[in-house]
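Trainee: coords please:
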Amino acid sequence: MTTPYRADVVGSFLRPQYLMEARERGVEGEALRELEDQAILEALRMQEEVGLPVVTNGEFRRAHWPHLILQIADGVELIDGNPVPVAPIRQKASVADTDYRILAEHTDRPIKVTLPQPSALGMLWNEKDSSGAYATREEYIDDVAALLNAEARALAAAGVAYIQLDAPQYTVNPLEEHPAMLEADRRVFEGVEGVTTAVHLCRGNTRRPQDDPASPYDPYAADVFSSFPVDRLLLEYDDYQAGDFTALQFVPDGMTVVLGLVTTKWPELEDEDALIRRIEAATEYVPLERLALSTQCGFSSRATIQNVTPEVQRKKLELVVRVAERVWGYV
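Mentor: Sure, this is the predicted structure:
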């Protein structure tokens, strides 16, 4: 199911100070839920005010983006700050309830919910703590893929407009691991109908030294871009480390590419005309009607990431909306 969404939002937003302080104090249960609800509704108002056509809950119920599994599954424990499978995972809650419904009750805008890729959650397995439940990482990933597919189906049934799979492992894992990763990740969308689907090939919102050799998409674009059964592909192009747009030649017909040109890693505001020129450059490979614009990543995939201020965050989102209106005439 395709929809334009010329101005897109990746997912996470800066956590309010009061929410971070509450977690540091060990606030839990209903008291924490009320603070999360407050933060989510504040983020919703902000997104509506800047004019975004699609909204998220800011991922405020997660201390870190893979921590979604703590929300929805038993069998996982925090060990040294990381969720680790210690028993066979069993669904205990649904993001349709925890992440979607609060937004649906307070807005008529389309809602996006983000899910971590099974391959990324597979990194939480370790032999010492997990082998009693799962003999291998692959067995664990198999259960995770089934769990996330159940979540995606539940979200579609609940009426969510847009489901995004956050997939950073393709940018860091060896190419020979990609086929198994694709097999697991594709399962998330099996049987999911009536919603816009997307994959975010993430490079992260952590600041890197300028000489850090992050690899471009080119080595795996031909195999990966066409292997996802999704409507939209969100790619990060905010700095030279992503390479140029030549990898876009491998985007299949019918798929929309969301260009992540506005950085969340630095506070400087991009020049509008320069952004428009980059969008025009991308049309050499993908027609304008199949392009959209977003920030390159979320603003705070880990709660402690605070690269910009809330004021700058808002200005960056306003910039995305403003440029989208200039280029396409609507958002």
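Trainee: where does A292 fall, phi/psi-wise?
Mentor: phi -150, psi 180 (degrees, to the nearest 10).
Trainee: Next one: it from D80, what distance?
Mentor: 39 Å (Cβ to Cβ, to the nearest Å). From N, CA and C alone the C-beta is placed, and that goes for glycine too.
Trainee: With R187 as the reference, measure out to the most centrally placed residue in the chain.
Mentor: What sits nearest the mean C-alpha location of the chain, by Cα atoms, centre = their mean, is D166, with 4.2 Å. According to Cβ to Cβ, D166 stands 16 Å off from R187.
Trainee: Show me where the stretch 101-250 of the chain dips below the pLDDT cut-off.
Mentor: Within the stretch 101-250 of the chain, the ranges that satisfy pLDDT under 70 run 207-215, 240-241.
Trainee: Dump the C-alpha coordinates for stretch 293-309 into CSV.
Mentor: Taking C-alpha atoms only, stretch 293-309 is exported to CSV below (Å, rounded to 0.1, in the frame of the first residue of the first chain):
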residue,chain,number,x,y,z
LEU,A,293,12.7,13.6,2.3
SER,A,294,13.5,13.0,5.9
THR,A,295,16.1,13.3,8.5
GLN,A,296,18.8,10.7,8.1
CYS,A,297,17.9,8.9,11.3
GLY,A,298,15.9,9.4,14.4
PHE,A,299,17.0,12.0,16.9
SER,A,300,17.6,9.7,19.8
SER,A,301,17.6,6.0,19.1
ARG,A,302,19.3,5.7,22.4
ALA,A,303,17.8,7.9,25.2
THR,A,304,21.2,9.3,26.1
ILE,A,305,21.9,10.5,22.6
GLN,A,306,21.4,14.3,22.7
ASN,A,307,23.2,15.6,19.7
VAL,A,308,20.9,18.6,19.3
THR,A,309,18.5,20.6,21.4
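Trainee: For it, which residues meet the burial criterion?
Mentor: 293-303, 305, 307-308 (16 or more other Cβ atoms under 10 Å).
Trainee: Sort out which one of those residues lies nearest L68 for me.
Mentor: S301 (11.3 Å; Cβ to Cβ).
Trainee: Report the contact partners of the closest one.
Mentor: If a contact means Cβ atoms under 8 Å, 6 or more residues apart in numbering, then S301 has G11, S12, E59, H64, W65, D166, C202, G204, N205 as its contacts.
Trainee: Strands - which of those land there?
Mentor: D166 (DSSP state E).
Trainee: hang on, the earlier thing: how far away is the residue nearest to the centre of the chain from E318?
Mentor: Distance from D166 to E318, by Cβ to Cβ: 24 Å.
Trainee: in the stretch 151-300 of the chain, which spans are helices?
Mentor: Applying DSSP state H, counting those that start in this stretch to the stretch 151-300 of the chain gives helices spanning 178-186, 218-224, 272-282.
Trainee: and stretch 77-94, how far out from the chain's middle?
Mentor: Taking the mean of its C-alpha atoms, stretch 77-94 sits 20 Å from the chain's own mean (Cα atoms, centre = their mean, to the nearest Å).
Trainee: how long is stretch 62-77 from one end to the other?
Mentor: 14 Å (Cα to Cα, to the nearest Å).
Trainee: State the three-state secondary structure for P85.
Mentor: strand (DSSP: H, G, I helix; E, B strand; the rest coil).
Trainee: do the one 4 residues further on as well
Mentor: Under three-state DSSP, I89 falls in the strand class.
Trainee: Hmm, D142 and it touching each other?
Mentor: No. I89 is not in contact with D142 according to Cβ atoms under 8 Å; the separation is 10.6 Å.
Trainee: who's L165 bridged to?
Mentor: L115, V199 (DSSP bridges).
Trainee: Any idea how many residues pack against it?
Mentor: 24 (other Cβ atoms under 10 Å).
Trainee: sorry, back to before: which pair in the buried residues of stretch 293-309 spans the largest distance?
Mentor: L293 and A303 (26.0 Å).
Trainee: Pull the helix or strand where L319 lies out as CSV, backbone CA atoms only.
Mentor: Per DSSP states H and E: L319 is located in helix 310-328. C-alpha atoms of helix 310-328 as CSV (Å, rounded to 0.1, in the frame of the first residue of the first chain):
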residue,chain,number,x,y,z
PRO,A,310,14.7,20.3,21.3
GLU,A,311,14.7,23.7,19.5
VAL,A,312,17.1,22.5,16.8
GLN,A,313,15.1,19.2,16.5
ARG,A,314,12.0,21.2,15.8
LYS,A,315,13.8,23.4,13.2
LYS,A,316,15.2,20.4,11.4
LEU,A,317,11.7,18.9,11.1
GLU,A,318,10.3,22.3,9.9
LEU,A,319,13.0,22.3,7.3
VAL,A,320,12.1,18.8,6.1
VAL,A,321,8.4,19.9,5.7
ARG,A,322,9.3,23.2,4.1
VAL,A,323,11.6,21.7,1.5
ALA,A,324,9.1,18.9,0.7
GLU,A,325,6.4,21.6,0.1
ARG,A,326,8.8,23.4,-2.2
VAL,A,327,9.8,20.3,-4.2
TRP,A,328,6.5,18.4,-4.4
